[in-house]
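J.: structure for this input, please:
(one chain, ligands or ions: 2)
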Amino acid sequence: MKNDIQEVAEGVELTDGFHLLMEALEMNGITNIYGLLGIPVTEIGRMWQARGNKFFSFRNEQNAGYAASVAGYLTKKPGVCVTVSAPGFLNGLTALANATTNCFPMILISGSSEREIVDLQQGDYEEMDQLNIARPHCKASFRINRTEDIGVAVVRAIRTALSGRPGGVYLDIPARLFSTTMSAEEGQKSLFVPVDPAPAQLPAPSAVSRAVDLIKGAKKPLILLGKGAAYAQCDADIKALIEETGIPFTPMSMAKGLVSDTHPQCAAAARSMVLQESDVVILIGARLNWLLAHGKGKTWGGAKKFVQIDIQANEIDSNVPIAAPLIGDIESCVNALRAGLKGAAKPTEWMSAIAERANGTKAKLATKLTTATPVMNYFNSLGAIRDVLKNYPDITLVNEGANTLDNARMVIDQYLPRKRVDTGTWGVMGIGMGSAVAAAVETGKPVVAICGDSAFGFSAMEYETITRYNLPVTVIIMNNGGIYRGDEANPEHQVSCMIFNPKTKYDQFSIALGGEGVRAETPEALAKALEASLKSGKPTIIDAIIDPAAGVESGRIGNLNIVSTIGKK
Ligand SMILES: Cc1ncc(Cn2c(C)c(CCOP(=O)(O)OP(=O)(O)O)sc2=O)c(N)n1
Ligand SMILES: [Mg+2]
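T.: Ligands and ions are numbered 1, 2, ... in the order given. Have a look, this model is predicted:
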């Protein structure tokens, strides 16, 4: 390797891999790193902090990775996660794969063993072929072998994470590179900032007129907003498209608040009606995957024509034929549609039929939200939370669980864009605390995490990370004593595989980890504790006691469960 390390004459100022990596990140506007330190990356944490940047140190790399990915989603700059090699890398890889599935820009940087040892499988400390293991789970996997390549590698990682469909990138750095030196002057010259890393991509005029004609001919058009539309940060353009055309819209969970849930054209409360009865559906940053029943079947009722805006051409026709593909970035496509639809007739009859159905649904729900029960259920507990949160529109709501997720998504309104972070496309549990850290750090505003007790358990120890940085995070644990429910009977001489220890006290857990803890057994107590926590700005866990029989298996996706047709033997 000698010939790869420049011989530097005496007296020339030197730099090294550590410094070049940090300068390259800083030059590209990255000041926060989420990670977990150890060999060979420990010094990065200390030096990064010494330079006045922030290193948020986690208890498990998976949660640091979730934090980095959510930072990327909220800021449109890649979130950066740093881990040690092998097991640390693998823990971070789950979050990198989830970021890629969600289309969140994120860079995972892991220290690694030297190539010559990995390739001969000579059994190094935490040896693993990380570069190749990462490749199938992210947009790109790069390894840096020379100090002079650090600048271009960071830029490639940033451009890949941000351009086209955003996603995860893996940067593999062999341990020795960090301390390899080179001339500081040469090193400085090797660093640069990419020009326009996420370029606009305009749709073809022929595609725009095809889509405009289809929408103009629709009797019952519908706009369906996905988290891609929220990520695009062209909020005013999307609101203008909706209001100028008078077309009803319904948001996917993380697109809630892109246009307020209380907007008169919001059809969320009549979702099944609009999915079934619409004749032309305009998908904006939403993929026709499992979350939308793959665009077919009883969810969608009769024949449907789809207009699909997506930056990735091969997403089109992934499940059903798309009548009018619009390939480009969301802002360019939305504004092209606005121009073409100027003066088009508004579907006022369709909109008023929807409003009537929505109002009926809301009235029924309102009764459930205020009906007292001996032990709280999901509705009267979430009703109390909703009444508090409507006075705090700019908090970020983090949400995970099954019944906890499905019911909170339906009950808790969102008023502003990018204020709801949840389990995303995969429906992954454990995103809670990492997402809460990132939201608190990147927005500087309070966070409320509503987690099922099982979901909370996946990242519970990160609550210490939250108290350590004294972040304004309130965690409401919907404690129904189990996965989906807490009343499953125990099989012979065993504890049920679906329930938790009924003696668990999450309020005491919070106090033990340096936070505030409150046990809430009524909606009034829950509302009071939430209000107090938001006012105090202190890390708080509210242990919301929910009826163990209140949930249903797998929440709203029980249909995906597989059960034996021959029963238990
Ligand atoms: C990483 C991971 N593991 C397991 C699951 C399976 N799973 C699990 C384990 C859930 C937890 C449901 O229990 P909860 O206590 O969080 O919520 P409710 O009791 O309110 O339904 S929801 C769900 O899909 C998952 N989605 N992700
Ligand atoms: Mg539960």
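J.: alpha carbons only for contacts and neighbour counts from here, please
T.: Fine.
J.: can you count the residues close to the residue in the stretch 1-150 of the chain positioned nearest to ligand 2?
T.: Residue nearest to ligand 2 within the stretch 1-150 of the chain: N63 (20.1 Å; CA to the ion). The number of residues packed around N63, counting by other CA atoms under 10 Å, is 31.
J.: now it: which helix or strand?
T.: helix 61-75 (DSSP states H and E).
J.: which strands and helices lie in contact with that helix?
T.: strand 32-35, strand 79-83, helix 87-102, strand 106-112, helix 432-443 (3 or more CA pairs under 8 Å, 6 or more residues apart in numbering; DSSP states H and E).
J.: hang on, the earlier thing: so the residue of the stretch 1-150 of the chain closest to ligand 2 touches M461, yeah?
T.: No. Assessed by CA atoms under 8 Å, N63 is found out of contact with M461, at 9.8 Å.
J.: which helix or strand in the protein has the lowest average pLDDT?
T.: Lowest on mean pLDDT, DSSP states H and E among the helices and strands of the chain sits helix 115-119, with a mean of 90.
J.: after that one, which helix or strand is next? Please name it.
T.: helix 130-134.
J.: next up, the contacts around the residue in the stretch 201-350 of the chain positioned nearest to ligand 2.
T.: Residue nearest to ligand 2 within the stretch 201-350 of the chain (CA to the ion): S253, separated by 20.0 Å. Contacts here follow CA atoms under 8 Å, 6 or more residues apart in numbering; on that basis S253 touches 226-227, 409, 420, 422.
J.: make JSON lines from these and add neighbour count, secondary structure and distance to V208 to it.
T.: What follows is the contacts of S253, written out as JSON lines (neighbours: other CA atoms under 10 Å; DSSP: H, G, I helix; E, B strand; the rest coil; distance: CA to CA, whole Å):
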{"residue": "G226", "neighbour count": "21", "secondary structure": "coil", "distance to V208": "20"}
{"residue": "K227", "neighbour count": "28", "secondary structure": "helix", "distance to V208": "22"}
{"residue": "R409", "neighbour count": "20", "secondary structure": "helix", "distance to V208": "33"}
{"residue": "R420", "neighbour count": "27", "secondary structure": "strand", "distance to V208": "31"}
{"residue": "D422", "neighbour count": "25", "secondary structure": "strand", "distance to V208": "33"}
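J.: dump those to TSV, plus distance to L96 and pLDDT.
T.: Shown next, in TSV, are those (distance: CA to CA, whole Å; pLDDT from 0 to 100):
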residue	distance to L96	pLDDT
G226	20	98
K227	17	98
R409	25	98
R420	20	98
D422	16	98
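J.: list just the nearest of the residues you listed to A161.
T.: A161 lies nearest to K227 out of the contacts of S253, by CA to CA, at 16.5 Å.
J.: quick one: contacts of the least confident helix or strand of the chain?
T.: 123-124, 127-129, 174.
J.: now, which of the residues you listed sits nearest ligand 1?
T.: Nearest to ligand 1 out of those is M128 (CA to the nearest ligand atom; 23.3 Å).
J.: leaving aside the residues next to it on the chain, what's closest to the closest one?
T.: Excluding the flanking residues, the one nearest M128 by CA to CA, 6 or more residues apart in numbering is A86, at 5.5 Å.
J.: measure how buried that neighbour is and give me the count.
T.: So A86, with other CA under 10 Å, has 19 neighbours.
J.: show me the contacts for it.
T.: 112, 126-128, 130.
J.: report pLDDT for the spatially closest residue to the residue of the stretch 1-150 of the chain closest to ligand 2 that is not a sequence neighbour.
T.: Excluding the flanking residues, the one nearest N63 by CA to CA, 6+ apart is G434, at 4.7 Å. With respect to pLDDT, G434 scores 98.
J.: residues from the stretch 451-569 of the chain in reach of ligand 2?
T.: The stretch 451-569 of the chain comes close to ligand 2 at residues 452-453, 480, 482-484, as judged by CA under 5 Å from the ion.
J.: in helices, which of these fall?
T.: In this view, these that belong to helices under DSSP state H are D453.
J.: from the residues of the stretch 451-569 of the chain next to ligand 2, which is closest to R165?
T.: Distances from R165 to these, taken by CA to CA, are shortest for G452, at 30.8 Å.
J.: give me the nearest residue to the closest one, chain neighbours excluded.
T.: G452 sits nearest to G401 (CA to CA, 6+ apart), 4.5 Å away.
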